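J.: Take a look and give me a structure for this.
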Amino acid sequence: MREKALLVDGLNLLFRAFYSLPPGMKSPSGKPTNALFGFMRTLDSLNKKYQPKTIIVALDSKIPTWRKEEYPEYKAGRQETPEILLEQISYFETFLKEMGIDCFECPGHEADDVLASLTKILLKQNIAPTIVSNDKDLLQTIEKGVSILKSGRSISQIKLVTKKSFFEEYGFDSSKIPDFKGLVGDSSDNLKGVKGVGEKTAKKLLQKYGSLDEIYENINEITGSQKNKLETDKESAYFCKKLATLNSQLEIKMNEIKPFDLKEPGTQKKLKELGMTSFVSVERKPVKIKKLDYEKIKIELEKSKPVKIIPYKNSWACQAGNLTFMPEEENHLFSKKINLKDHLNKDIEIIGFDLANKHINILHSEFTNVFDLKSYAFLINSEKPSLNELWGKAFGEQAPQDPSLIFEKMKKLKDELDTKIKKIKKHYEKVEKPFLIAVERMNKTGIPINLKEVQKLEKKLEKECSKTENEMEKISGYKFNPRSPKQISELLFEKLKLKSKYGKTTNREALDHLLGHHPIIEKIILYREKHKLLSSYIKPFVQHRKKDGRIYPTFDPYGTRSGRLASKNPNFQVLPIKTKEGRMIRRCVQAEEGFSIVSIDYSQIDLRVLAHLSKDKKLMDIFKKDEDVHSQTASIMLKKKTHEITDDDRRVAKTINFGIIYGMGAASLAKQLNIDIKKSKNEIKKYFEKFHGVEKWIKETKDTANKNGYTETLDGRRRYIDGLGSTSNFIKQQAERQAVNNCVQGGSADLIKRAMVKIDRDLSDKFELILQVHDELVFHVSDTIITDYINNAKKAMEKALELGVPLKVDIKIGKKYEF
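T.: Here you go, the predicted model:
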């Protein structure tokens, strides 16, 4: 079996590492280190997973490359590199040498050329190289024994591309990547290619003809506009192919291959100097930890005053002076075996991580100084609310694995964060901690369910699924499993010989495209809809219903990046409403005798947040005057009076309004409105001409996100966005859309969170909050107090946070949740 080597595209990985970690990480001497730390963390992880004989890094030439000399506009227009990344790039090569990692560069050549040449050298030495890079040009190096490791949107999402998997995706040999790039160009390198030829068309052409030469030799077989495009940009196609072709014949002198080893004394010393102590394996002084049974812990606690309690995972520790007490078995803090409340001062600090899931009883206790650092983590980066992120923010290193070391520094971690991040402690006390208590109260309350309605619907759907299954067998003439995408694909495309532009996939979009081509398509869609209702909602309702007639889903306060709650076991936040059967499922949520279901839903909350953030005068005026936002948007865009606005006018305006929030481009808008791209672009242009403030805010938000790497919500909660530093226009634009959307939806999440806190604090003794669905709160309220309650809850929600526009809620009341 061949030994393996990892060949790393140095700057490619360094850039991705930079955008995956908070930029505030620094060495003890003040040097920025987030990119270097992320780079080493990835190498260390890959080394442990793949155990290569060596790891080698390739670097770009310091002098202009032959591509730049031949084409001065090569890579022009790329985003400016942040200063703190440039500083790390300046000592990157030195850093690699200090880590004992071989690195190579060739004057006048890019790292891609160096990597292509190294693969040939290593193959001759019977070593199988794997290249670590997201650069598409390097796909041409794939052959037997050579593979590529590329990451997804996140640096941790690694995918291995082999000769086989490449062919499965592209349908032609990897050596033809330069031909492919000749056709499609590369916007990140400022290469035009053939205008109007995208990846899909390029794949088909190469699958049919095999190469760029063969395409042009058979140009007369190609017809219409495609032929015209190819003929017009023939010179560009060959020029792009030339620039995309890697030089695999560079003379590189390799010394004796050495393994990747961070345990070398010199390397360890340097890692320590840089504050990357998670890679340092020097012996630590053992922390004094006594593992005692509960009776002995009682005795020790009576002898001394503990300074803090530290819950962690399923265990906990109590520190008094330099001594740490831990129970011998994992248990909750206020176990019946030991009543710590009798032995502790009520003002001691209790500091933990993820108390909401592991030690929720602490949050409800009479202890006043309780801190769940996962809330801190979520405020700092809702994309990755982990202890590692917090540790890196405070200490510039990864969190240790040893719980005793976690206990040792948890207090210091909280103090560091309180110091470094202004207002975090105050916000935690005011909003985050009471929010966790409100969520836990909702978890314990449960949702009343009418079991007879559920069972009745279960029988109905099972009967309809069975009937539809029999009809499909009769129509097709084949027996197959309608729940198997593979068997459906075989039926449609192999047995029934249907053709689809989506290939052999059978997702909903592909099936909609096939409607009318065969009567079975409609039945497959119908069966899937019915079976999903049965398997995703009805069966879980039966499974999770308790003897008291309620279901107790788990609401996770950290379950979504936007900050909204997520629920599971079962998921109540996606109950269908558009179909008849969907509404029947919602009606299974039924109030108990003498109670009603009350839904209080924020009206147009995302658009109100957008108006507040953008300060767009026209949009703000619409809400201040309490007008229909979609009708007024149509009126402003079309220069019509409100009473002249048709339903279709309003529908278009509504689609554009929400499309702006979700970062919808012209192509998506065209598809939503069933119009052509040109008209779609014109609709977006008209919107921004009328709502200048929104356009300006979107631009400023994207610029800020690109500069900082993150966005902030109304309450200052950050989310670091992967892909902002990507050289791929598609990935970068997608990241920018996320940045805009996160400000709006994250702001809406902040509002509903504050509303829950207000209502739980002031009204929880008068009602039961049973469900939160996006911008809606659902309550179980006694009929004797329902009028007073609604007025108070309405006021709490509409005054949750002061915005530049008024907040408004819609209220619905019924015995069943059917609205």
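J.: ok, Lys423 - how many residues close by?
T.: 12 (other CB atoms under 10 Å). In short, each C-beta sits where N, CA and C put it, glycine included.
J.: which residues does the closest residue to it other than its chain neighbours contact?
T.: Leaving aside its chain neighbours, Lys423 sits nearest to Gly716 (7.2 Å; criterion: CB to CB, 6 or more residues apart in numbering). Listed by CB atoms under 8 Å, 6 or more residues apart in numbering, the contact set of Gly716 reads 379, 423, 427.
J.: same deal with Asp649?
T.: So Asp649 contacts 631, 634, 638, 640 (CB under 8 Å, 6+ apart).
J.: What separation is there between the residue nearest to Lys423 and Ser386?
T.: 19 Å (CB to CB, to the nearest Å).
J.: ok, now Ala111?
T.: From Ala111 to Ser386 the distance is 31 Å (CB to CB).
J.: What of Leu96?
T.: For Leu96 relative to Ser386 (CB to CB), the value is 27 Å.
J.: between the two, who's got more neighbours?
T.: Leu96 (22 against 16).
J.: The more buried one sits in which helix or strand?
T.: helix 92-98 (DSSP states H and E).
J.: Go through that helix and flag the buried ones.
T.: 92, 95-96, 98 (16 or more other CB atoms under 10 Å).
J.: Among those, find me the one that's closest to Tyr19.
T.: Phe92 (15.7 Å; CB to CB).
J.: ok, the closest one touching Leu36?
T.: Yes. With contact defined as CB atoms under 8 Å, Phe92 counts as touching Leu36 (7.3 Å).
J.: buried set for the host helix or strand of Gln226?
T.: If you go by DSSP H and E, Gln226 is part of helix 224-232. The neighbour-count check on helix 224-232 (16+ other CB under 10 Å) flags 226, 229-230 as buried.
J.: repeat for stretch 756-771
T.: Buried, per 16+ other CB under 10 Å, within stretch 756-771: 756-760, 763, 766-771.
J.: hmm, back to that, filter the contacts of Gly716 down to the ones in helices?
T.: In helices, defined here by DSSP state H, the members of the contacts of Gly716 are 379, 427.
J.: and the contacts of Gly716 as CSV, adding distance to Ala438 and pLDDT?
T.: Formatted as CSV, the contacts of Gly716 follow (distance: CB to CB, whole Å; pLDDT from 0 to 100):
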residue, distance to Ala438, pLDDT
Leu379, 17, 84
Lys423, 21, 74
His427, 16, 86
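J.: What is the nearest of the contacts of Gly716 to Glu490?
T.: Leu379 (50.1 Å).
J.: That closest one touches Glu432, doesn't it?
T.: Yes. In terms of CB under 8 Å, Leu379 counts as a neighbour of Glu432; the distance is 7.2 Å.
J.: Okay, strands next: where are they in the stretch 201-350 of the chain?
T.: Taking DSSP state E, counting those that start in this stretch as the criterion, the stretch 201-350 of the chain carries its strands at 289-292, 308-312, 315-320, 323-327, 349-352.
J.: Report the residue spans of the stretch 101-250 of the chain with pLDDT below the cut-off.
T.: 152-157 (pLDDT under 70).
J.: give me that answer again for 80
T.: Along the stretch 101-250 of the chain, the model assigns pLDDT under 80 to residues 151-157.
J.: what are the ranges of the helices in the stretch 701-819 of the chain?
T.: In the stretch 701-819 of the chain, helices defined by DSSP state H, counting those that start in this stretch lie at 729-763, 786-798, listed in chain order.
J.: Which of those helices sits closest to Lys808?
T.: That would be helix 786-798 among those, by CB to CB, at 6.6 Å.
J.: Give me the angle between that closest one and helix 729-763.
T.: 140 degrees (axes from the mean of the first three to the mean of the last three CA atoms, to 10 degrees).
J.: would a markdown table of the helices of the stretch 701-819 of the chain with distance to Tyr216 be doable?
T.: Converted to a markdown table, these look like this (distance: least, CB to CB, whole Å):
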| stretch | distance to Tyr216 |
| --- | --- |
| helix 729-763 | 27 |
| helix 786-798 | 66 |
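J.: how close does Tyr710 sit to Phe688?
T.: Tyr710 is 25 Å from Phe688, by CB to CB.
J.: neighbour-wise, which of these two wins?
T.: Applying other CB under 10 Å to Tyr710 and Phe688 shows that Tyr710 carries more neighbours, namely 22 against 14.
J.: Wait, the more buried one touches Arg718, no?
T.: Yes. Counting by CB under 8 Å, Tyr710 does reach Arg718; the two are 4.7 Å apart.
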